[in-house]
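K.L.:
Predicted model and sequence follow; I will ask about them next.
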Amino acid sequence: MNSPLAPTTVVKTDPPAPPLKKAAEKLEKTTFKADAKPGNKAEKPKKEKVSKNDEFGFRKGTKTSDAAKMYATGAGATTEEITKALGHAHLNLFKKVGKAGYVQEHTFVKNDKGGLVKKYKLVKKAQKK
């Protein structure tokens, strides 16, 4: 019979490995791209970056982009022409196109009613050498 005071055998086991040691072992088994042998995987051709912006710095296909094109083409455009075509004059774009290297010029022309209105034109800045 086993009495409560009888000696018992104690089996000692190794303590569990600390988590850092396990992580270090895992890292040793991992292969990184820098360590990989060349030729194991076919290299993917790099895609050319296609700009989502037009030459003025606006997103292609937006009304602001269309307005900038209208202001830059030919003799330019009046705010009335832009408003009729796009619903808004988009005058704030003149501040933004300066970053893309354009300046705003304007002339006065007669409108249908005989009054003078400004006709705006976007012109590329001359590059200094």
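P.N.:
It's in. Numbering: from 1, shown residues only.

K.L.:
Which residue comes closest to the residue nearest to the spatial centre of the chain once chain neighbours are left out?
P.N.:
Nearest to the mean C-alpha position of the chain, by C-alpha atoms, centre = their mean, lies residue 52 at 8.7 Å. Using C-beta to C-beta, 6 or more residues apart in numbering and skipping residues adjacent in sequence, the residue nearest residue 52 is residue 59, 5.8 Å away. Using the backbone N, CA and C atoms, a C-beta is placed for each residue, glycine as well.

K.L.:
residue contacts, that neighbour?
P.N.:
52, 53, 65 (C-beta atoms under 8 Å, 6 or more residues apart in numbering).

K.L.:
that older thread, make sure the residue nearest to the centre of the chain is actually in contact with residue 60.
P.N.:
Yes. Contact between residue 52 and residue 60 holds when scored by C-beta atoms under 8 Å: they sit 6.4 Å apart.

K.L.:
Identify, from the contacts of residue 59, the entry nearest to residue 10.
P.N.:
residue 52 (71.5 Å; C-beta to C-beta).

K.L.:
now the closest one: how far from residue 72?
P.N.:
Using C-beta to C-beta, to the nearest Å, we find residue 52 at a distance of 19 Å from residue 72.

K.L.:
In three-state terms, label residue 65 for me.
P.N.:
Secondary structure assignment for residue 65 (DSSP: H, G, I helix; E, B strand; the rest coil): helix.
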